[in-house]
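S.K.: can you look at this prediction? I've put the sequence above it.
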Amino acid sequence: MINIPKGTKDVLPSESYKWQYAEERLRKVAKLYNAREIRTPTFEHTELFVRSIGDETDVVSKEMYTFEDKGGRSITLRPEGTASVARSYVENSLEAMSLPLKTYYIISAFRYERPQAGRLREFHQFGAEIYGATSPYLDYDCILFAYDALGALGLDNVKLRLNSIGCGECRRKYVEALRGYFAEHLGEMCPTCRERYGRNALRLLDCKTPSCREIAKNAPVILDYLCDDCRAHHEKLCGLLDKSGVPYEVDPGIVRGLDYYTRTVFEFVTDELGAQGTVLGGGRYDNLVASIGGKPTGCVGFAMGMERALMLMEKRGTDFGDTGIDAFVISQSPEHTEACMRIVAELRRAGVSADTETTGRSMKAQFKYADKQRAKFVVVVGADEFASGKMKIKRLSDGTEKECAAAELAARIKESI
Ligand code: HAM
């Protein structure tokens, strides 16, 4: 037998309704926020991710699924959605549409990570990206969008952690301070951190090695190095959140694992999922569009991990509303199969989800099957029914029956649902 690759999962027919439930709700929230769906390819030129996410990040340096295609191009399965949407924005001149432009996506993404609960090699994200957005009102709008998206899944008590990592100017001063701090601890840090120290000291803050984490805890914090504009932006956003009543905490430890961020960064975290507690992450990225060939464009966005969100929903006993089919037509004898199939076809045309027996099983087996399909009603059909033109609709939950003319079957079932 050939098994599924490590770190991937099948969504089985018995589970897919949970995904559909979540996706449907998320699409509704997107509509409420005036966001339109964008679909980009599953793979892109490797260079896109290297340039936008940054070659010192774990995602680019360790986790990408990169391969050479038959034409000798270096191709990478997308490790996230932001870079691809930015590429599409530039390539399709979407700035010509009226700005701000709000987009959303539901995608699979790929990272070669060590799989564990809530961490997969193929995972899914619901994400949003807002273009043409320099004002803190759009950071605020984006955070409200994320908050309402979680709320739509019943996850309104996931905690919001907020930080600002400033602009290039603030970062230069901050990185200097970080270097000064880490210089004294380099001997105790992991080889990757020692390597990154000279090239991208900010990344030392999100190393997952426990000893490096311990050292990073006492590092200088970026909020102390913000320039006046970045500080004003951050304070305005905090003020808006204070007034809105969305609970949050400023956490200077949030730096995010991707290089494109500027100013606002945020995460929604829970302690109910063990080590993989970040359900949603996002922030502002004002330099990304220009760095891949577009005009300087203020942008802000977020992505929610669908597997993590679904795990939380399951833990909380969410009723995903799996309803089964409306009706199952039980055939008294295999000779009625074709007639039953015609009845079912009519029901379906009328908008009643229905099925019937096609494998010649006994009536007892058909009742069992109908029950497993969670059919709301069964209609038993045989010679008598065809002769009289009358049919009995039986509600499976309580056994009550109703008789109707064959021609009214769909209408009677619809009014009883
Ligand atoms: P990220 O923090 O790398 O940000 O990922 C966002 C979310 O995706 C995480 O909070 C987590 O829930 C989920 N996730 C990430 N990796 C995995 C994995 N291996 N297995 C399961 N779930 C995972 C981004 O991807 C940014 N593009 C977010 C963004 C959009 N920033 C601005 N716009």
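M.R.: Ah, there it is. Fair warning: this is a prediction, and the values are worked out from it, not measured in the lab.

S.K.: how near is the closest residue to the ligand within the stretch 251-400 of the chain to T8?
M.R.: Checking the stretch 251-400 of the chain residue by residue against the ligand with C-beta to the nearest ligand atom singles out G305 as nearest, at 2.2 Å. (C-beta placed from N, C-alpha, C; glycine too.) Separation of G305 from T8 (C-beta to C-beta, to the nearest Å): 15 Å.

S.K.: between these two, who's got more neighbours?
M.R.: The residue with more neighbours, out of G305 and T8 and counting by other C-beta atoms under 10 Å, is G305; that gives 24 against 13.

S.K.: which ones are touching the more buried one?
M.R.: Residues in contact with G305 (C-beta atoms under 8 Å, 6 or more residues apart in numbering) are G118, F123, H124, Q125, T278, V279, L280.

S.K.: among the residues you listed, which are in reach of the ligand?
M.R.: Checking the contacts of G305 against the ligand by C-beta under 6 Å from any ligand atom, the ones in range are G118, F123, Q125, T278, V279, L280.

S.K.: so can I have TSV of these showing neighbour count and pLDDT?
M.R.: Shown next, in TSV, are these (neighbours: other C-beta atoms under 10 Å; pLDDT from 0 to 100):
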residue	neighbour count	pLDDT
G118	19	95
F123	23	98
Q125	23	98
T278	20	96
V279	26	98
L280	25	98
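
S.K.: for the stretch 1-150 of the chain, what lies in contact range of the ligand?
M.R.: Applying C-beta under 6 Å from any ligand atom, one finds that the stretch 1-150 of the chain approaches the ligand through E80, G81, T82, R111, E113, G118, R119, L120, F123, Q125, G127, E129.

S.K.: output the lowest mean pLDDT helix or strand found in this structure.
M.R.: Taking all helices and strands of the chain together, the one with the lowest average confidence (mean pLDDT, DSSP states H and E) is helix 191-199, at a mean of 89.

S.K.: residues making contact with that helix?
M.R.: Residues from elsewhere that reach helix 191-199 (C-beta under 8 Å, 6+ apart): E56, R179, F182, A183, L186, M189, R203, L204, C207, T209, C212.

S.K.: wait, the second one sits on N200?
M.R.: Pointing back at R179 there. No. Using C-beta atoms under 8 Å, R179 makes no contact with N200, being 10.8 Å away.

S.K.: CA atoms only for the host helix or strand of L144, dumped as PDB, please.
M.R.: Taking DSSP states H and E as the criterion, L144 maps to helix 136-152. Taking C-alpha atoms only, helix 136-152 is exported to PDB below (Å, rounded to 0.1, in the frame of the first residue of the first chain):
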ATOM      1  CA  PRO A 136      -3.800  53.000  11.000                       C
ATOM      2  CA  TYR A 137      -7.500  52.800  10.300                       C
ATOM      3  CA  LEU A 138      -6.700  50.000   7.900                       C
ATOM      4  CA  ASP A 139      -4.600  48.100  10.500                       C
ATOM      5  CA  TYR A 140      -7.600  48.500  12.700                       C
ATOM      6  CA  ASP A 141     -10.100  47.300  10.000                       C
ATOM      7  CA  CYS A 142      -7.800  44.300   9.300                       C
ATOM      8  CA  ILE A 143      -7.600  43.300  12.900                       C
ATOM      9  CA  LEU A 144     -11.400  43.700  13.200                       C
ATOM     10  CA  PHE A 145     -11.700  41.500  10.100                       C
ATOM     11  CA  ALA A 146      -9.500  38.800  11.700                       C
ATOM     12  CA  TYR A 147     -11.400  39.100  15.000                       C
ATOM     13  CA  ASP A 148     -14.700  38.700  13.300                       C
ATOM     14  CA  ALA A 149     -13.400  35.800  11.200                       C
ATOM     15  CA  LEU A 150     -12.500  34.000  14.400                       C
ATOM     16  CA  GLY A 151     -15.800  35.100  16.000                       C
ATOM     17  CA  ALA A 152     -17.700  33.600  13.100                       C
END
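
S.K.: can you give the contact residues for that helix?
M.R.: Contacting residues not belonging to helix 136-152 are listed as 25-26, 28-30, 32-33, 35, 100, 126, 128, 130, 133, 156, 158, 160, 162, 233-234, 236-237, 240-241, 244, 246, 263-264, 266, 268, 279-280, 282, 284, 298, 300-302, 304, 309 [C-beta under 8 Å, 6+ apart].

S.K.: looking at those, which are in strands?
M.R.: 126, 128, 130, 160, 162, 264, 266, 268, 279-280, 282, 284, 300-302, 304 (DSSP state E).

S.K.: how far off centre is whichever helix or strand A339 is part of?
M.R.: When secondary structure is defined using DSSP H and E, the element that contains A339 is helix 337-349. Distance of helix 337-349 from the chain centroid (C-alpha atoms, centre = their mean, to the nearest Å) equals 38 Å.

S.K.: helices and strands around that helix, which ones?
M.R.: Here helix 337-349 touches strand 327-331, strand 354-356, strand 377-381, helix 409-416, going by 3 or more C-beta pairs under 8 Å, 6 or more residues apart in numbering; DSSP states H and E.

S.K.: which one of the ones you listed lies closest to S362?
M.R.: Comparing the helices and strands packed on helix 337-349 by their distance to S362 (C-beta to C-beta), the top pick is strand 327-331, with 10.2 Å.

S.K.: and the closest one, what other elements does it pack with?
M.R.: helix 337-349, strand 354-356, helix 363-372, strand 377-381.

S.K.: so can I have a markdown table of these showing mean neighbour count and distance to the ligand?
M.R.: Listed next are the helices and strands packed on strand 327-331 as a markdown table, based on neighbours: other C-beta atoms under 10 Å; distance: least, C-beta to the nearest ligand atom, whole Å:
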| stretch | mean neighbour count | distance to the ligand |
| --- | --- | --- |
| helix 337-349 | 16 | 37 |
| strand 354-356 | 22 | 35 |
| helix 363-372 | 15 | 32 |
| strand 377-381 | 23 | 40 |
